[in-house]
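S.K.: this one's structure only:
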């Protein structure tokens, strides 16, 4: 059996009780932190909390050489842990399909995600979000500034009066996580200024939630990563209330209440 | 302190370790199951698992008479539990803002959600989902069939080649949960036939995931609720692979591979 376990948003306590039980029951416990990271903990703490030997794989060790994971799953109970949800954005669907090809039973134990936190912490209604997008580090997409696809997603959502969740790039190889301020500056420079909401440390006991003009957010410090950015469409009354009181949105950026 | 705890998707083990710790540390533990339900457990099991007295409130007991909850939070540690994530769709933002008005500290402990499961279990990429919608029971929206707003959301997403997550109505007062088959029939009759994916028992160890034409799904049984339905836009190669092998999608509904 190969059980994919989502470790959730933030630290060693973000996993579900079901996920923790699967880890405890496993013969072998693999993990990857190249698609995202639990910034509130480290591998040693995770391993100690679950009292397991955590075998961390890099991208090549999962995508190019999945054999050790598949063998362990064929021979016994193997778990494969990731931050967030293990299948979000189809990250590990390929590994799951390879296991199924070998007649290995698979199971998915969900984790809490940035997508959920984006609406939950800001008070913006989840069914008013359109397509999401990811803002890459400059230079990683062959050009400077903001990729046209990001601008199109935001503009398309705005035309339909929908909120946009902007995931911010991470590069685990150099331990680099795009900051909300840098993202706000990039988007402002791309001509997308307006109200933005930065969420930092989602899943922790004291997340940061700040709403302001992108030009203002570009000068703020939102604490340690991970950060994400939401560009709201028009605001319903309760959403405006929430942004004012949970995120300190300036009154002149909100509809009359 | 008022801590909102998401109990997650399915049963008493779907809560996070952080959420379980908050429940264990609380002086008073409130819950509501009118916005959603944990179909894999019941109140007695939840209370016994966490060894607490679980005070279940109906909608009126939260929205019209929040005073007991707020008083408990002003006087000590109170937790307020819901299925899924406690703030998704701004369900309990109003209660949180009332607490803040009274200078009560608040905290949100996220839960796993149907939104995450919709992409995670189907293999459809989460950033290819457009706006989500909810399909209500016939008669509850003043007319028969499918509300125009639902048709518009699906059509708008299809035009932009995005997937649509369709939440299915629940009515806890009469313990009624719309089935995937009934939803497929309603949408087929509204002229939206095409490929659909039904997910049932998300968050359990053996969820149901089935992809087929809506007209075919309308005749199937997907097991006990909760169900949700996804109407995909065009499929990328890995998405098509996933729907074929995880959901049994017929080859003639998938792009050439």
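M.R.: Received, thanks. Since this is a predicted model, take the numbers as computed values, not measurements.
S.K.: The helix or strand bottoming out on mean pLDDT in chain A and chain B in contact?
M.R.: In chain A, no helix or strand scores lower on mean pLDDT, DSSP states H and E than strand A:170-171, which sits at a mean of 89. No: judged by Cβ under 8 Å from any Cβ of the partner chain, strand A:170-171 makes no contact with chain B; its nearest approach is 14.9 Å. (Each C-beta comes from the backbone N, C-alpha and C, glycine too.)
S.K.: what's that strand in contact with?
M.R.: Under the criterion Cβ atoms under 8 Å, 6 or more residues apart in numbering or on different chains, residues A:36, A:37, A:137, A:140, A:176, A:177, A:178, A:225, A:226 lie in contact with strand A:170-171.
S.K.: Could you rank those residues by neighbour count and give me the top one?
M.R.: residue A:226 (27 neighbours; other Cβ atoms under 10 Å in any protein chain shown).
S.K.: circling back to that earlier point, let's have the contacts of strand A:170-171 in a markdown table, adding distance to chain B.
M.R.: A markdown table is the format used below for those (distance: Cβ to the nearest Cβ, whole Å):
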| residue | distance to chain B |
| --- | --- |
| A:36 | 13 |
| A:37 | 17 |
| A:137 | 17 |
| A:140 | 17 |
| A:176 | 21 |
| A:177 | 18 |
| A:178 | 16 |
| A:225 | 18 |
| A:226 | 14 |
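S.K.: can you redo the residues you listed as CSV with distance to residue B:74?
M.R.: As requested, the contacts of strand A:170-171 are exported to CSV (distance: Cβ to Cβ, whole Å):
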residue, distance to residue B:74
A:36, 37
A:37, 37
A:137, 46
A:140, 49
A:176, 43
A:177, 37
A:178, 39
A:225, 34
A:226, 33
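S.K.: Which ones among these lie within strands?
M.R.: Counting by DSSP state E, the part of these found in strands is A:176, A:177.
S.K.: and residue A:52, which of the three is it?
M.R.: With DSSP: H, G, I helix; E, B strand; the rest coil as the basis, the three-state label of residue A:52 is coil.
S.K.: Could you check how far it is from residue A:111?
M.R.: For residue A:52, the distance to residue A:111 equals 17 Å [Cβ to Cβ, to the nearest Å].
S.K.: got it, and residue A:180?
M.R.: 22 Å.
S.K.: got it, and residue A:25?
M.R.: Taking Cβ to Cβ, one finds residue A:25 at 17 Å from residue A:111.
S.K.: Now do the same contact list for residue A:153.
M.R.: A:130, A:131, A:132, A:133, A:164.
S.K.: hmm, 7 Å instead?
M.R.: A:131, A:133, A:164 (Cβ atoms under 7 Å, 6 or more residues apart in numbering or on different chains).
S.K.: Also within reach of chain B: list those from those.
M.R.: Among those, the ones lying close to chain B by the criterion of Cβ under 7 Å from any Cβ of the partner chain are A:131, A:133.
S.K.: Which one of the contacts of residue A:153 is nearest to residue B:215?
M.R.: Using Cβ to Cβ, residue A:131 is the member of the contacts of residue A:153 that lies nearest residue B:215, at 27.8 Å.
S.K.: what number of residues lie near the closest residue to residue A:90 other than its chain neighbours?
M.R.: Setting aside the residues directly before and after it, residue A:90 is nearest to residue B:125 in space (Cβ to Cβ, 6 or more residues apart in numbering or on different chains), at 5.1 Å. Close neighbours of residue B:125, defined as other Cβ under 10 Å, add up to 20.
S.K.: Surely residue B:125 touches residue A:88?
M.R.: No: at 8.7 Å, residue B:125 does not count as touching residue A:88 under the criterion of Cβ atoms under 7 Å.
S.K.: Mind listing the shared neighbours of those two?
M.R.: residue B:119.
S.K.: circling back to that earlier point, so if I had to pick from residue A:180 and residue A:111, which one is more boxed in?
M.R.: Set side by side, residue A:180 and residue A:111 show more neighbours around residue A:111, with 31 against 28, by other Cβ under 10 Å.
S.K.: Wait, a helix at that one?
M.R.: No: read with three-state DSSP, residue A:111 is coil and lies in no helix.
S.K.: which ones are touching the spatially closest residue to it that is not a sequence neighbour?
M.R.: In this structure, residue A:111 finds its nearest non-sequential neighbour in residue A:6, 2.1 Å apart by Cβ to Cβ, 6+ apart. Taking Cβ under 7 Å, 6+ apart as the criterion, residue A:6 is in contact with A:19, A:82, A:84, A:85, A:86, A:109, A:110, A:111.
S.K.: Quick check: the second one vs residue B:88, distance?
M.R.: Think residue A:82. From residue A:82 to residue B:88 the distance is 22 Å (Cβ to Cβ).
S.K.: same question, the fifth one
M.R.: For residue A:86, the distance to residue B:88 (Cβ to Cβ) stands at 20 Å.
S.K.: just the fourth one next, same as before
M.R.: Remark: distance between residue A:85 and residue B:88 (Cβ to Cβ) = 14 Å.
S.K.: More neighbours: those two, which one.
M.R.: Applying other Cβ under 10 Å to residue A:85 and residue B:88 shows that residue A:85 carries more neighbours, namely 33 against 26.
S.K.: list the contacts for the more buried one?
M.R.: Residue A:85 touches A:6, A:110, A:111, A:113, B:116, B:120, counting by Cβ under 7 Å, 6+ apart.
S.K.: Just give me the closest of the residues you listed to residue B:196.
M.R.: So of the contacts of residue A:85, ranked by how close each gets to residue B:196 (Cβ to Cβ), first place is residue B:120, at 17.6 Å.
S.K.: Check the secondary structure at residue A:144 for me.
M.R.: From three-state DSSP, the assignment for residue A:144 is coil.
S.K.: thinking again about what came up before, what's opposite the residue nearest to residue A:111 in the beta bridge?
M.R.: residue A:82 (DSSP bridges).
S.K.: now do residue A:196
M.R.: Under the criterion used (DSSP bridges), residue A:196 bridges to residue A:212.
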